[in-house]
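Engineer: Got a predicted model here, sequence first, then my questions.
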Amino acid sequence: MPSVSAHVALTLAQHVDHVFGIMGNGNAYFLDALLERTDAVFTAVRHEAGGVVAADAFHRAGGGLAAATATYGAGFTNTLTALAEAVQAKIPLVLVVGDEPTSGPRSWDVDQIALAAAVGARTYTVGRMDAAATTVIAVEHALTYRVPTVLAIPYDVAALEAGEVPAVPEPALPGPLVVPGPFAEAAVAGLTDLLAGARRPLLLAGRGAWLAGAGEALGELAEATGALTATTALGRGLFPDDRFDLGVTGGFGAEGAMALVRDADVAVVFGASLNQFTMRFGELFAPGTRVVQVDVAPTASHAHVSGYVRGDAQHVATELVRALRERGVAPSGWRESVDAPSARRQEPGEELAEDGRLDPRSAARRLGELLPEDRVVVSDGGHFIGWANMYWPVASPDRMMMVGTAFQSIGLGFPSVPGAAMAKPDSTVVLSTGDGGGLMALADLETAVRVAAGRGIAVVWNDAAYGAEVHVYGRKGLSAAPMRIPEVDFAALATAVGALGVVVRELADLDVVAEWAARPVDERPYLLLDLRVSGSVVAPYQHEIIRVNR
Ligand SMILES: Cc1ncc(C[n+]2csc(CCOP(=O)(O)OP(=O)(O)O)c2C)c(N)n1
């Protein structure tokens with residue numbers, strides 16, 4: 001007879017095909033049922049945070065809903081940083097954990113429901129009779145609210161026999177937000193007027209527009225209005241025609257491109273929350289630019305927005321295109337009058353900085369030429385975060401993710417690799433990480449090398465420092481010792497777990513990427529590039545942060 005844990009596993013496997021985690025007392029029966037009785041693929045990670053990160057990255061890379069699993073107590077508390085990140089980044093996933101017995105806590109139990117609630121995650125606890133239904137509710141909650149949910153199996157019910165697994169209804173999910181009625185029609189008509197009269201229109205799109213599937217409709221809107229386009233960091237690659245795209249707005253944007261954004265007379269923002277980084281701390285738009293925001297949130301999210309349309313990005317963009325065509329409005333011609341590819345070009349940098357170490361800009365630029373085009377880029381956090389964002393274009397928003405940035409956590413890079421690799425099984429997964437974050441995530445270097453062998457490349461920006469701290473607090477004269485890291489040989493660490501580790505001291509050393517790429521996939525190992533970069537080259541976005549901190 002199936003156990004309560006089997007009820008959870010079999011029901012979950014109807015909605016999830018990938019599970020990442022580590023086993024222990026609390027989830028042993030769940031994992032046994034999952035592996036022996038379902039088709040779900042289980043990937044072992046080496047730190048519980050990594051299980052949640054991998055499930056999170058799987059979703060961001062377009063793989064759909066995934067699950068993570070950990071045992072109770074220490075297994076669960078190890079997930080908390082990653083869980084907080086998924087809550088704040090609004091990433092749905094289900095974390096299946098063991099929990100204290102229904103008879104009450106043992107000396108080693110902690111209040112897991114309170115801990116999960118403290119980072120914003122809701123817990124559903126299964127009982128002897130309701131495990132299948134409760135599992136579906138946890139799935140439904142995660143997908144409806146775009147959040148992680150915790151599905152807890154009390155220790156004393158985990159192995160209880162529960163009879164045949166009952167059929168339970170499918171999760172009920174909301175459709176796109178289409179606001180009908182005269183107010184909505186008037187808002188779209190007003191925006192049509194504004195775009196029809198715009199001489200220099202700009203469309204700015206974020207991840208919300210991608211989630212709404214609005215890429216194509218926004219491409220048509222750009223064509224109909226002659227608008228230049230730009231995206232947030234999370235919306236990179238959304239617009240289909242990159243000839244007229246200015247790239248990412250904010251500190252990762254090129255100076256020339258950002259100057260053009262300030263020339264716009266009308267800017268329409270789709271599915272972007274306009275955070276301080278996107279908005280260049282208030283400097284993105286010129287005071288005279290009329291900014292209209294289109295989003296599903298109840299209200300506008302930045303003081304520079306003067307008009308708000310509440311609705312699904314794809315729906316509103318499609319309506320605007322229809323209305324403009326109906327009125328016979330001619331495109332503005334602005335986008336053809338400027339050279340967007342030149343405007344978005346970034347500084348090339350020197351080969352070596354004055355201290356004789358690699359200039360990260362030239363290394364990033366060269367890697368941009370060498371990395372396989374089918375890439376998915378996963379990034380840890382730290383000062384280096386600018387280099388991938390500035391120099392490595394990606395084909396669509398699900399091909400660039402920064403697991404950790406919502407919660408401002410470093411150390412979630414290596415476990416992002418297995419999640420992205422599972423979600424995009426034919427792509428090359430490129431990790432961008434610092435030496436500080438890389439060391440923090442080191443447990444899952446082994447996972448990355450094992451799971452992404454043949455199609456994984458790690459780029460370690462090794463400046464022998466917590467660079468972001470040096471640039472902010474070193475500059476203020478604070479004690480430097482906590483900001484330093486001994487120069488770690490990441491190439492050797494990677495080699496120890498089966499990768500090809502290469503120390504890169506000059507640009508020619510990067511040619512190994514082309515040699516690696518030329519080999520058949522099943523004959524090449526995971527490639528780790530240990531870039532010995534200079535800490536003296538400060539990314540432009542960091543200058544912005546330094547300026548604001550001052
Ligand atoms: C979990 C966590 N610990 C500490 C910090 C503070 N912090 C932010 S950036 C950073 C330095 C990251 O160093 P590294 O990964 O080497 O990248 P770099 O800044 O040198 O490019 C630190 C320690 C953080 N954000 N998250």
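Structural biologist: Received, thanks.
Engineer: and residue 498, what helix or strand is that in?
Structural biologist: Assigned by DSSP states H and E, residue 498 belongs to no helix or strand.
Engineer: residues touching the residue nearest to it when sequence neighbours are not counted, list them.
Structural biologist: What sits nearest to residue 498 in space, not counting adjacent residues and going by CB to CB, 6 or more residues apart in numbering, is residue 449, at 5.3 Å. In short, each C-beta sits where N, CA and C put it, glycine included. Residues near residue 449 by CB atoms under 8 Å, 6 or more residues apart in numbering: 456, 494, 497-499, 525-526, 528.
Engineer: so how far is residue 422 from residue 449?
Structural biologist: 15 Å (CB to CB, to the nearest Å).
Engineer: what's around the spatially closest residue to residue 265 that is not a sequence neighbour, how many residues?
Structural biologist: Spatially, and ignoring its direct neighbours in sequence, residue 265 is nearest to residue 200 (4.8 Å; CB to CB, 6+ apart). Applying other CB atoms under 10 Å, we find 20 residues neighbouring residue 200.
Engineer: so how far is residue 272 from residue 200?
Structural biologist: 19 Å.
Engineer: tell me the average confidence for the host helix or strand of residue 439?
Structural biologist: Element membership for residue 439 (DSSP H and E) is helix 435-440. For helix 435-440, mean pLDDT is 98.
Engineer: Run the chain-centre distance for that helix.
Structural biologist: Helix 435-440 sits 18 Å away from the centroid of its parent chain (CA atoms, centre = their mean, to the nearest Å).
Engineer: now the next helix-or-strand element following it: mean pLDDT?
Structural biologist: As assigned by DSSP H and E, the chain's next helix or strand after helix 435-440 is helix 445-451. Here helix 445-451 scores 98 as its mean pLDDT.
Engineer: Find the closest residue to the ligand in the stretch 451-550 of the chain.
Structural biologist: residue 467 (2.6 Å; CB to the nearest ligand atom).
Engineer: before we move on, the earlier item: which among the contacts of residue 449 end up buried?
Structural biologist: 456, 494, 497, 499, 525-526, 528 (16 or more other CB atoms under 10 Å).
Engineer: Strands - which of the residues you listed land there?
Structural biologist: Per DSSP state E, strands hold the following members of these: 456, 528.
Engineer: Would you mind naming what in the chain lies close to the ligand?
Structural biologist: 381-384, 408-411, 434-437, 461, 463, 465-469 (CB under 6 Å from any ligand atom).
Engineer: Residue 253 versus the residue minimising distance to the centre of the chain, what's the distance?
Structural biologist: The centroid of the chain falls nearest to residue 401 when counting by CA atoms, centre = their mean (3.0 Å). Distance from residue 401 to residue 253, counting by CB to CB: 19 Å.
Engineer: Excluding chain neighbours, give the residue nearest to residue 391 in space.
Structural biologist: Nearest non-adjacent residue to residue 391, counting by CB to CB, 6+ apart: residue 364, 3.7 Å away.
Engineer: buried residues in the host helix or strand of that neighbour?
Structural biologist: Using DSSP H and E, residue 364 falls within helix 360-370. The neighbour-count check on helix 360-370 (16+ other CB under 10 Å) flags 360-367 as buried.
Engineer: right, and the helix or strand after the helix or strand hosting residue 88?
Structural biologist: In this assignment (DSSP H and E), residue 88 forms part of helix 80-89. Using DSSP H and E, the helix or strand that follows helix 80-89 in sequence is strand 93-99.
Engineer: What average pLDDT does the strand or helix carrying residue 51 get?
Structural biologist: Element membership for residue 51 (DSSP H and E) is helix 48-60. Across helix 48-60, the average pLDDT comes to 98.
Engineer: who does it touch, helix- and strand-wise?
Structural biologist: strand 18-21, strand 67-70, helix 80-89, strand 93-99, helix 416-423 (3 or more CB pairs under 8 Å, 6 or more residues apart in numbering; DSSP states H and E).
Engineer: Please verify my assumption that the residue nearest to residue 265 contacts residue 267.
Structural biologist: No: using CB atoms under 8 Å, residue 200 is not in contact with residue 267; the gap is 9.4 Å.
Engineer: Got the phi and psi for the closest residue to residue 198 other than its chain neighbours?
Structural biologist: Distances taken as CB to CB, 6+ apart place residue 266 nearest to residue 198, at 3.8 Å, with adjacent residues excluded. Main-chain dihedrals, residue 266, degrees, to the nearest 10: phi -130, psi 130.
Engineer: how many neighbours does residue 266 have?
Structural biologist: Using other CB under 10 Å, residue 266 is surrounded by 23 other residues.
Engineer: Mind listing the residues bridging to it?
Structural biologist: Judged by DSSP bridges, the bridge partners of residue 266 are residue 201, residue 290.
Engineer: Look up the pLDDT of it for me, please.
Structural biologist: Confidence score, pLDDT, at residue 266: 98.
Engineer: Ok, the one 10 residues further on next?
Structural biologist: At residue 276, the predicted lDDT confidence score is 90.
Engineer: Is it within a helix or a strand, and which one?
Structural biologist: Using DSSP H and E, residue 276 sits within no helix or strand.
Engineer: What segments of the stretch 151-300 of the chain are strands?
Structural biologist: Taking DSSP state E, counting those that start in this stretch as the test, the strands found in the stretch 151-300 of the chain are 201-205, 228-231, 245-248, 266-270, 290-295.
Engineer: who's in contact with residue 190?
Structural biologist: Residue 190 sits next to residue 307 when contact means CB under 8 Å, 6+ apart.
Engineer: and it, how far is that from the ligand?
Structural biologist: 42 Å (CB to the nearest ligand atom, to the nearest Å).
Engineer: elements contacting the worst-scoring helix or strand of the chain on mean pLDDT?
Structural biologist: In the chain, no helix or strand scores lower on mean pLDDT, DSSP states H and E than helix 540-549, which sits at a mean of 86. In terms of contacts (3+ CB pairs under 8 Å, 6+ apart), helix 540-549 is packed against helix 385-391.
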